[in-house]
Structures are given as structure tokens and as C-alpha cells.
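1. Can you look at this prediction? I've put the sequence above it.
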Amino acid sequence: MTITTHYLETGSQNPFYNLAFEEYVLRNRREGDYLMLWQNDNTIVIGQNQNAEAEINRSFVESHGIRVVRRMTGGGAVYHDLGNLNYSFITDAGDSAQLAMARFTRPVVEALRGLGLQAEASGRNDILVDGKKVSGTAQRLAGNRILHHGTLLFDSNPEMVSGALNVDPAKFQSKSAKSVRSRIGNIRPCLPVDMDLPAFWAYLKKTLSGSGFQQDALSEEELRAVEELKYSKYDTWEWNFGRSPQYDLVNKRRFDGGSLEAGVHVEKGVITNIGFFGDFLAVSPLDPLVQALEGCPFRREDVSAVLDRFPLGELFGGITRQEILDTLFHAGDLEP
């Protein structure tokens, strides 16, 4: 039986609109399999739990007119230009085994190999070609639906990538832009037979959709809802920059599951404000956990009891309960 794949394009290179479009489809197209291919022009996209100001090179961003937008998935910050192609899969989540990244990265890796590329999945959420990262991926759950999306660096400007983003020394072991450039690469120079981006786009559209390809589009009413979501959420300072309040205690560590920064404001031994930041691969929002921790005594055993009430794998990816507690309470082991 052939599975129908509904194919959608946003018709825009505006990052605020594109992310609103993607979220609308995730939350409102509740049945069927969807594939989206889309581009953002001159944009930094930060993960849902990242501190925006810590991730971007503010002076470089402002001088180059780069837009900054927060997405609804976890993971790290990425730079998008028109040499970069993004893909989104939206489908039923299924059981926990189907949440594995490999379910979605496998067809992308196979598509790249179909072009004669030495492609492989690597680490938590990367796709490599000839040993260099060409794609980062992330996921988000919404009820019984899942969004998996990723970047594909086809012919992107490496100077913009390294200049726009601040480098985490714990991640790259070097604060130099050179270390960023040596770790990432573009797909096009590795192709045995050259093609331009429109041809690459057409190839992925056909290959990732399979034999069940069906061209789809949002209705006028749905597009109006996308515009409203863009203006009320993605194109606001509150969403993109307002999630980085000041804390009395700020601790940061890096684990196999990603970086984790915890900020806590404590009054009379009780947590009055708390936030978690990092590039960990969350698939669900942290808001319910944060709300549960506010008002909790700032003691390891009390915080631990609150953590036990939540699906930490969905909220923090590969970062464990023990590592969350160590970040909050073991200041002596923290990064400088």
C-alpha cells in the first residue's frame, strides 16, 4: 500500500513566517504524512531553550542585517541563507521507539547517498558528508503528532556561519572561528556530478516524498492563521529575546546529551524564578516543569521530587536527572 505524502512549500524566505507556517501545520493538520522544503534568507535560528544573546555575535548580526528567530524545537543555533535548504517531516508520533532521530535521518542520509555522497548520521542529531557536518536536526511533539526538521548546508557562506554565531568553547574546544569552519561543510563541493540548488531541491522533493507524492497547499483561512501566528509569536521580541531573564545563580555544564545552563532566583530558601537553557534536544516545552519548580524549596531532595513527576527524556533529551541536579547544586564542578 502506497503511503500518501502531502508536500507543502511556504512560498516565503521570511523566517518568522516560515516557522509560523510549520507550527500551524504541526498543530492543525492532525492526520497524514507531510513533507516541507523551505528556505530562510540571512537568519540565525536558535533552539527553543537557548539564551539568544549568548548565542549570537550581536555586532556582526546587526552590521549584516541578520534576523534572529527562536524555533519551537531544541538543539543549537544555526545560520540560514539561500545556500541552505530546510526540510520538515510531520507525521504521527507513534510509540517511543519511533521518536528516535534515525526514523527521520535515515531517508535523508539515503537520499544524499543516492547522489554519490559519503553521507552518515552522527552523534546526537547530525548528518555528515565526507566527515563534515552538513545537517543538524531537531524534533517536537504536539499531542500524537511529531515534527522533525533539519538544515542541509548545500552552498552556504561559511564566513557568515562562523561570524554570526558565538562559539561554545566547551563544544568546539576553541574560541576561534576557524574551528567552526573546520567542523562544518557544504554538500555541493562533495557532489560527484555538480548540480545547483533548484535541482537539489527537486531531487529531494521527489526522493523524500516517494511514490505517494501529493502536492498540497493551505487554504486562505489557514494562511491567515499563519500570518496571525507570525505576528503574535515569531516576529516578537518577547518570543525571540525575552526568554533570558537575570538570575542570582547561574550554573553551566556540558554533557554527552548537550549543554545545560540553569539559572535560579531564590528568596528565603524558595525558588521564585528558574530557567533552563542549552542545546539539548527537547521535544516538549519546559514551561510546566518550570512552573512546578517555582515555589519549591531550593534543596536537592525537593527539586529531585519535582523532577520525578515529569518525562525528563522529552524535556531534556539525553541529559539525565542526575546531570540536571548536578548542574543546579554542584557549583564547584561547573565550567568557568
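-> Structure's in. What do you need? Everything quoted here is computed from the prediction, not taken from an experiment. Residues are numbered from 1 along each chain as shown.

2. for the stretch 101-250 of the chain, what spans make up the strands?
-> 119-122, 126-129, 132-142, 145-153, 213-215, 249-255 (DSSP state E, counting those that start in this stretch).

3. give me the low-pLDDT residue ranges for the stretch 101-250 of the chain?
-> Low-confidence segments of the stretch 101-250 of the chain (pLDDT under 70): 167-182, 244-246.

4. same thing but at 90, please
-> Scanning the stretch 101-250 of the chain for pLDDT under 90 picks out the ranges 101-103, 122-126, 158-184, 210-211, 241-250.

5. where do the helices sit along it?
-> 102-113, 158-164, 169-172, 177-183, 197-209, 220-229, 237-240 (DSSP state H, counting those that start in this stretch).

6. Which of the strands of the stretch 101-250 of the chain sits closest to Ile90?
-> Ile90 lies closest to strand 145-153 among the strands of the stretch 101-250 of the chain, at 5.3 Å (Cβ to Cβ). Using the backbone N, CA and C atoms, a C-beta is placed for each residue, glycine as well.

7. Listing partners with orientation, what would you give for that closest one?
-> Strand 145-153 sits in its sheet next to strand 84-92 (antiparallel), strand 132-142 (antiparallel), going by DSSP bridges.

8. Would you reformat those strands as JSON lines and include distance to Leu229 and mean neighbour count?
-> As requested, those are exported to JSON lines (distance: least, Cβ to Cβ, whole Å; neighbours: other Cβ atoms under 10 Å):
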{"stretch": "strand 84-92", "distance to Leu229": "15", "mean neighbour count": "21"}
{"stretch": "strand 132-142", "distance to Leu229": "13", "mean neighbour count": "22"}
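
9. Make a markdown table from those and add distance to Val69 to it.
-> What follows is the strands paired with strand 145-153, written out as a markdown table (distance: least, Cβ to Cβ, whole Å):
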| stretch | distance to Val69 |
| --- | --- |
| strand 84-92 | 12 |
| strand 132-142 | 14 |
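
10. Ok, which of those comes nearest Gly210?
-> strand 84-92 (12.0 Å).

11. Ok, which of the helices of the stretch 101-250 of the chain comes nearest Val303?
-> Of all the helices of the stretch 101-250 of the chain, it is helix 169-172 that lies closest to Val303, at 23.7 Å by Cβ to Cβ.

12. So the residue nearest to Phe255 when sequence neighbours are not counted, which state does it fall into?
-> Distances taken as Cβ to Cβ, 6 or more residues apart in numbering place Glu323 nearest to Phe255, at 5.1 Å, with adjacent residues excluded. What DSSP: H, G, I helix; E, B strand; the rest coil gives for Glu323 is helix.

13. Would you confirm that Glu323 contacts Ser259?
-> No - using Cβ atoms under 8 Å, Glu323 is not in contact with Ser259; the gap is 11.0 Å.

14. what touches both of the two?
-> Here Glu323 and Ser259 have Arg253 as joint contacts, going by Cβ atoms under 8 Å, 6 or more residues apart in numbering.

15. Just send the helices of the stretch 101-250 of the chain back as TSV, with mean neighbour count and distance to Ala52 too.
-> Formatted as TSV, those follow (neighbours: other Cβ atoms under 10 Å; distance: least, Cβ to Cβ, whole Å):
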stretch	mean neighbour count	distance to Ala52
helix 102-113	18	26
helix 158-164	19	12
helix 169-172	14	17
helix 177-183	16	18
helix 197-209	16	28
helix 220-229	14	19
helix 237-240	14	6
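
16. Would you mind giving the ones you listed as a markdown table with distance to Asn84 added?
-> Output for these, formatted as a markdown table (distance: least, Cβ to Cβ, whole Å):
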| stretch | distance to Asn84 |
| --- | --- |
| helix 102-113 | 14 |
| helix 158-164 | 9 |
| helix 169-172 | 20 |
| helix 177-183 | 15 |
| helix 197-209 | 9 |
| helix 220-229 | 21 |
| helix 237-240 | 19 |
